[in-house]
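# Okay, predicted coordinates and the sequence, questions at the end:
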Amino acid sequence: MKTLYISDLDGTLLDKSARLSDRSAEIIGRLIGKGLLFTIATARSLSSLHILKKLDIRLPCVQLNGVLTYDFSKGEYTGCIPIIPEDARSVIKVLRKHDRMSFVYKADVQYGIHVEFERLTNDVEREFFEARRDQDYKSFEQTGEITVSDDDKVIYFTMVDRREKLLPIHEELGAIAGIRSTLYSDNYSDMYFLEVFSSSATKAAGMKKIKEQLGADRVVAFGDNLNDIEMLQSADLGIAVGDAVEQTKQAAGLIIGNSFEDGVALYLEKAFKE
């Protein structure tokens, strides 16, 4: 039986410092070399996936919660699901109503990402910007006022703040049929992420597409946070790490070791032997 294994990154495969441990890298890299079908589904974009270089992943992966798919073996994007311009303008209207603007991701023809922002609201957003401003595949531009034309390919909105600040925005965005809004805790602070993308883009849909491309018989998915629940429920087996949020544990068919104790890698090592 041909099985695809697909894992979330932050809080699942990565440790508390957002690093891939040497132990996990050794185990998974060795198993990939022996034929393990392993890839990732993450809210990150390609510019912050340098942490995976040690794994030598050769399969397509899911980025930005399903907005983009990228094939590591080909070195190219294989899919992009943008937000309809009218819906993107509706999102901006809601954000302005709440006096809050986010990072707005726009894709070019080759799916290179250009990020626009008007201001940085808190220290976490400043750290987010500083950590990514000089990376490949993504450029940042501070602008006086963000606008969306009919020719713009807007693919993503992301912002970080206190839950009480973001929850009213999240609830109001729910009235826009063409977009999906997800609110979940940051693994590395006491803040929350609010992310907005096309309603057609999901980790689950990206996972299914890769499964079909590979001709896999089944798929096993790993996750820890609210944005992983649909993927876990759609997999043949959904697995939550031991330190996952409670709602994700309840959605999983199996709970394994903690993210900071190489839970995913140790499970894969055992499963591959069997």
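That came through fine.

# Figure out the helix or strand that Gln233 lives in.
helix 229-234 (DSSP states H and E).

# Would you state the helices of the stretch 151-274 of the chain in chain order?
163-173, 203-214, 229-234, 246-251, 263-273 (DSSP state H, counting those that start in this stretch).

# next one: the longest one to chain centre, how far?
By that I understand helix 203-214. 14 Å (Cα atoms, centre = their mean, to the nearest Å).

# Can you name the residues that contact Thr39?
By Cβ atoms under 8 Å, 6 or more residues apart in numbering, the contact set of Thr39 is Leu4, Tyr5, Ile6, Ser7, Ile57, Leu59, Pro60, Cys61, Val62, Phe72, Ile210. For glycine as for every other residue, the C-beta is placed from the backbone atoms N, C-alpha and C.

# Return the distance of it relative to Tyr192.
27 Å (Cβ to Cβ, to the nearest Å).

# and what of Tyr105?
Per Cβ to Cβ, Tyr105 is found 19 Å from Tyr192.

# the more surrounded of these two?
Between Tyr105 and Tyr192, Tyr105 has the larger neighbour count (other Cβ atoms under 10 Å), namely 25 against 20.

# Let me know the pLDDT of that one.
In the predicted model, Tyr105 carries a pLDDT score of 94.

# Please name the bridge partners of it.
Beta-bridge partners for Tyr105, by DSSP bridges, are Val115, Tyr156.

# all strands of the chain, in order?
3-7, 37-40, 60-63, 68-71, 76-80, 103-107, 113-117, 138-142, 154-161, 179-185, 192-198, 218-223, 237-240, 254-255 (DSSP state E).

# of those strands, which approaches Val124 most closely?
strand 154-161 (4.5 Å; Cβ to Cβ).

# could you list every residue that touches the spatially most central residue of the chain?
Residue closest to the mean C-alpha point of the chain, counted by Cα atoms, centre = their mean, is Ala43 at 1.4 Å. By Cβ under 8 Å, 6+ apart, Ala43 lies in contact with Asp10, Leu64, Asn65, Phe193, Glu195, Asn227.

# out of these, who has the most neighbours?
The contacts of Ala43, ranked by neighbours (other Cβ under 10 Å): first place Asn65, 27 neighbours.

# For Thr158, see how far away the residue nearest to the centre of the chain is.
8 Å.

# between those two, what contacts are shared?
Phe193, Glu195.

# that older thread, so which of the contacts of Ala43 comes closest to Phe129?
Taking the contacts of Ala43 together and measuring to Phe129 by Cβ to Cβ, the closest member is Phe193, at 14.3 Å.

# Please check which residues sit opposite the closest one as beta-bridge partners.
Where Phe193 sits in a bridge, its partners, by DSSP bridges, are Val160, Tyr184.

# That one is in contact with Leu183, isn't it?
Yes. The criterion here is Cβ atoms under 8 Å, and Phe193 meets it with Leu183 at 7.2 Å.

# which stretches of this structure have low pLDDT?
109-111, 136-137 (pLDDT under 70).

# As CSV, the contacts of Thr39 with distance to Gly33 and neighbour count would be great.
Shown next, in CSV, are the contacts of Thr39 (distance: Cβ to Cβ, whole Å; neighbours: other Cβ atoms under 10 Å):
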residue, distance to Gly33, neighbour count
Leu4, 17, 23
Tyr5, 14, 27
Ile6, 18, 25
Ser7, 17, 27
Ile57, 11, 18
Leu59, 14, 18
Pro60, 19, 23
Cys61, 18, 25
Val62, 22, 28
Phe72, 14, 18
Ile210, 20, 24
